[in-house]
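# Quick check, what structure comes out for this input:
(2 chains)
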Amino acid sequence: MSVQSALVAPDLRRPARSGQRWKAFLVPGIVLLFGLVVWAWVQSLTLDSIEQRTLNAGYITDRVREHLVLSILAAVMVAVLAIPTGILVHRSNSRTLRSVVLGLANIGQATPAVGVVILLAIIWQTGFLTALIALVIYAFLPVLRNTLIGLAEVDPAVRESAMGMGMTPNQVLRRIELPLASPVILAGLRTALVFAVGVATIATFINAGGLGDMIVNGLKLQRFPVLLVGAGLVAAIAILIDWAAGLVEDRVKPRGL
Amino acid sequence: MSEQTATLFPSTATTPGGVSIELEGVTKNYEGQAVPAVENFTMRIEPGELVMFVGPSGCGKTTTMKMINRIIEPTSGSIRIDGREVLGLDPNELRRHIGYVIQQIGLFPHMTIAENIGTVPRLLGWSKERVNARVEELLDTVQLEPAQFADRYPRQLSGGQQQRVGVARALAADPPVMLMDEPFGATDPITRERLQQEFLRLQAEIGKTIIFVTHDFEEAVRLGDRIAVLSERSQIEQFDTPARILAAPANDYVKSFIGSGAALKRLALMPLADTTLAPLAGAPGKRPTVPRTGTLRDALDLLVVTGADAVDVVDEAGAPLGSLSHADVSANLAGIGMPAGTGMPAGAGMPAGTGMPAGASIGETSPGAAG
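Reported below is the predicted structural model:
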């Protein structure tokens, strides 16, 4: 009796939910499975001294932490800088400015990240800060672009009725335009975050740490297990972050859209 | 803030319903365009009046309307609502006191129906309880069950339901003036007619001053207290009641706008309750009957359909009040537009049931049947 009500009641209200629940954990499940396979494989190997120095919990945790700090900090800075810039460009109502920014954004996305990182290191300095700034520059334009597009895509009739009801331009922005543009803006941020995780690998070239260290070491010293664990971890982090960002997106996205 | 609200239009403090709108020499020039979109537009709209702006696309009717709530800023001229010059007011404050309904409705898709309707009251700083009570009242007014609809999102509603929410939202803060830009234009004919009927019933209750833009002359005739027929640059070709425009179009432009069947359209405007009836002849109960709540057009329709010589008009209880023949219908039509008192009582000069073909008499009185 209680079983029946427990099964039926949520089904009636949200028929889609029960189908989505297992899917939500599909991605982390697969990542975990691959992780276990790789771990078991590494356990079965006899590691030489070079491999032992890298393939231990302390070293890996440090590299993962560096990697995450670098990419998440970059994504946060991009969010703080690019979204307001997008809003300002949108509010300027200048078509020229808009086209110029959108054009720049497209060029920015075509620029190889390695180029940005190395060039910045050459003209400035090496280290964490340079890597962070290079990442911010690289991820800035896609977020700016999505902010502009999200705001431009708001139905003009909705904007006009908001204005016709006596909302000030700021109220129109905060209550109407930003919520309606938020799915597009969030999608841009999610892309930027995943980009950042991938590109942060390059930070190793300018001595800024991260999982790139493991990959480059593995390559240079021809230690395949090191290379594989490093590359696998970057991929796993990117996939998990994308998955987590997707969950956040679903939560934050305004209902009714 | 609410102090200011109460006094934005002085008469709203003392009398509910509408206030007057006066436009004087209003012109809108767009930069880079040789011809103004609206030129020297002057009109006075009485409190509580429902005025229809009719004209072809691009004639400037919408531009004229949008200058009243300053969605479009006029280049020159003066616009007064309740005697107050709106060009000197804060545009946002002004718009919070003017209901605004557009064809695309423009409901906020990320807000529930209740939140949509409560928008202006919240902008005006009403308390939560007052907003909620008002939302419920308005949902009832537009015949949407509050318990069922309040928490839904716009996309979960049909087009007709969305448009009702649009009207409710515009009415939320009880503005004395409403601007409506082809509000029913995007709905199917059946929904449209229902919305129009509901709208008329609603307006009879609330008596707002309404400017209603449409390109559909039928709609203008059905709804308007007065119709302004507009041409290029929003020039007023004729501004009068539907009956008088149909009976005496000012010029060929207005005639072309009326289209064919002007007499039939006029008949639809003439309630049987105000019609001169012929005395009952012969035994009642033999002839088809039409209720007093209908119009002359309904009576004519019944005459044509049944082929009877005359129909009886009955009151709500079904008691016959008098009869109408084809000739009586024509006589009533001819009486409209004449000075009061000269309208001849139907049946006095003409024997009832002479069987004059309806088509012929209507053809004679129809001005400019060429559509």
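
# on contacts alone, who are the packing partners of the longest helix along chain B?
Counting by DSSP state H, the longest helix found in chain B is helix B:189-206. With contacts defined as 3 or more Cβ pairs under 8 Å, 6 or more residues apart in numbering or on different chains; DSSP states H and E, helix B:189-206 has these neighbours: helix B:159-171, helix B:217-223. The C-beta positions use only the backbone N, C-alpha and C, and glycine is treated the same way.

# Ok, which of these comes nearest residue B:203?
Closest approach to residue B:203 among the helices and strands packed on helix B:189-206 (Cβ to Cβ): helix B:217-223, 8.1 Å.

# can you pull the alpha-carbon coordinates of the closest one into PDB?
Extracted in PDB, the C-alpha atoms of helix B:217-223 (Å, rounded to 0.1, in the frame of the first residue of the first chain):
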ATOM      1  CA  PHE B 217     -13.200  47.900 -39.900                       C
ATOM      2  CA  GLU B 218     -15.700  45.300 -38.800                       C
ATOM      3  CA  GLU B 219     -14.000  45.200 -35.400                       C
ATOM      4  CA  ALA B 220     -14.000  49.000 -35.200                       C
ATOM      5  CA  VAL B 221     -17.800  49.000 -35.900                       C
ATOM      6  CA  ARG B 222     -18.500  46.300 -33.400                       C
ATOM      7  CA  LEU B 223     -16.500  47.800 -30.500                       C
END
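
# same question for it, mean pLDDT?
Within the predicted structure, the mean pLDDT of helix B:217-223 is 89.

# can you list the residues of the stretch 51-200 of chain B near chain A?
Counting by Cβ under 8 Å from any Cβ of the partner chain, the residues of the stretch 51-200 of chain B lying close to chain A are B:69, B:71, B:92-97, B:100, B:102, B:104-112, B:119-120, B:123, B:153-155, B:166, B:169, B:179.

# Filter the residues you listed down to the buried ones, PyMOL style.
The buried residues among these can be selected in PyMOL (16 or more other Cβ atoms under 10 Å in any protein chain shown) with this line:
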select buried, chain B and resi 69+71+92+93+94+95+96+97+100+102+104+105+106+107+108+109+110+111+112+119+120+123+153+154+166+169+179
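
# Which of the residues of the stretch 51-200 of chain B next to chain A fall within strands?
In this view, these that belong to strands under DSSP state E are B:100, B:102, B:179.

# give me the beta-bridge partners of the second one?
Spelled out, it's residue B:102. Beta-bridge pairing of residue B:102 under DSSP bridges involves residue B:181.

# who's in contact with the longest helix of chain B?
Outside of helix B:189-206, the residues within contact range by Cβ atoms under 8 Å, 6 or more residues apart in numbering or on different chains are B:17, B:50, B:141-143, B:158-160, B:163-164, B:167, B:171, B:183-184, B:187, B:210, B:219, B:222-223.

# For burial, what's the neighbour tally of residue A:39?
Counted with other Cβ atoms under 10 Å in any protein chain shown, residues neighbouring residue A:39 total 11.

# who does the strand or helix carrying it touch, helix- and strand-wise?
Residue A:39 is part of helix A:26-44, with elements assigned from DSSP states H and E. The elements that helix A:26-44 packs onto, with contact taken as 3+ Cβ pairs under 8 Å, 6+ apart, are helix A:224-252.

# Mind jotting down where the helices sit in the stretch 101-250 of chain A?
Taking DSSP state H, counting those that start in this stretch as the test, the helices found in the stretch 101-250 of chain A are A:113-123, A:128-152, A:156-164, A:169-171, A:178-199, A:212-220, A:224-252.

# how far away is residue B:43 from residue B:213?
Distance from residue B:43 to residue B:213, counting by Cβ to Cβ, to the nearest Å: 13 Å.

# Between these two, which is the more surrounded one?
Taking residue B:43 and residue B:213 together and counting by other Cβ under 10 Å, residue B:213 has the greater number of neighbours (26 against 18).

# Am I right that that one is in contact with residue B:185?
No: contact criterion Cβ atoms under 8 Å: residue B:213 and residue B:185 do not qualify, at 9.3 Å.

# Quick one: residues contacting whichever residue of the stretch 151-300 of chain B sits closest to chain A.
Using Cβ to the nearest Cβ, the single residue of the stretch 151-300 of chain B nearest to chain A is residue B:153, 3.2 Å away. Residue B:153 makes contacts with A:255, A:256, B:109, B:110, B:111, B:112, B:113, as judged by Cβ under 8 Å, 6+ apart.

# Reformat the residues you listed as a markdown table; add distance to residue B:334 and pLDDT.
Shown next, in a markdown table, are the contacts of residue B:153 (distance: Cβ to Cβ, whole Å; pLDDT from 0 to 100):
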| residue | distance to residue B:334 | pLDDT |
| --- | --- | --- |
| A:255 | 61 | 83 |
| A:256 | 57 | 78 |
| B:109 | 54 | 93 |
| B:110 | 58 | 93 |
| B:111 | 55 | 94 |
| B:112 | 55 | 93 |
| B:113 | 50 | 94 |
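
# Tabulate those in TSV, adding columns for distance to residue B:21.
As requested, the contacts of residue B:153 are exported to TSV (distance: Cβ to Cβ, whole Å):
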residue	distance to residue B:21
A:255	39
A:256	35
B:109	32
B:110	33
B:111	30
B:112	33
B:113	30
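
# residue nearest the centroid of chain B?
residue B:223 (2.6 Å; Cα atoms, centre = their mean).

# show me where pLDDT drops low in the chain?
Going with chain A. Along chain A, segments meeting pLDDT under 70 span A:1-21.

# Not quite, go with chain B.
For chain B, the stretches flagged by pLDDT under 70 are B:1-7, B:13-15, B:281-285, B:336-371.

# still on that earlier bit, next step: the residues of the stretch 51-200 of chain B next to chain A restricted to helices.
The helices, defined by DSSP H, take in B:92, B:93, B:94, B:95, B:119, B:120, B:123, B:166, B:169 from those.

# how about residue B:24, secondary structure?
Assigned by DSSP: H, G, I helix; E, B strand; the rest coil, the conformation of residue B:24 is strand.

# same deal with residue A:60?
Taken by three-state DSSP, the conformation at residue A:60 corresponds to helix.

# Can you tell me how far it is from chain B?
For residue A:60, the distance to chain B equals 43 Å [Cβ to the nearest Cβ, to the nearest Å].

# List the residues that contact that residue.
Shown here is residue A:60, whose contacts under the criterion Cβ under 8 Å, 6+ apart are A:54, A:214, A:229, A:233.

# Just give the nearest non-adjacent residue to the second one, would you?
Which is residue A:214. Distances taken as Cβ to Cβ, 6 or more residues apart in numbering or on different chains place residue A:230 nearest to residue A:214, at 2.9 Å, with adjacent residues excluded.

# Just confirm that neighbour contacts residue A:211, I think it does.
Yes: using Cβ under 8 Å, residue A:230 is in contact with residue A:211, at 5.2 Å.

# elements contacting the helix or strand just after the helix holding residue A:39?
Taking DSSP H and E as the definition, the helix or strand that follows helix A:26-44 towards the C-terminus is helix A:49-54. Using 3+ Cβ pairs under 8 Å, 6+ apart as the contact test, the elements touching helix A:49-54 are helix A:212-220, helix A:224-252.

# Just name the most buried of these.
Mean neighbour count (mean count of other Cβ atoms under 10 Å in any protein chain shown) peaks for helix A:212-220 among the helices and strands packed on helix A:49-54, with a mean of 20.

# just the angle between it and helix A:178-199, please?
For helix A:212-220 against helix A:178-199, the angle between stretch directions is 30 degrees (axes from the mean of the first three to the mean of the last three Cα atoms, to 10 degrees).

# which residues are contacting helix A:212-220?
Here helix A:212-220 makes contact (Cβ under 8 Å, 6+ apart) with A:54, A:60, A:63, A:67, A:200-205, A:223-231, A:233-234.

# at 7 Å instead, please
Outside of helix A:212-220, the residues within contact range by Cβ atoms under 7 Å, 6 or more residues apart in numbering or on different chains are A:54, A:63, A:201, A:202, A:203, A:204, A:224, A:226, A:227, A:229, A:230, A:231.
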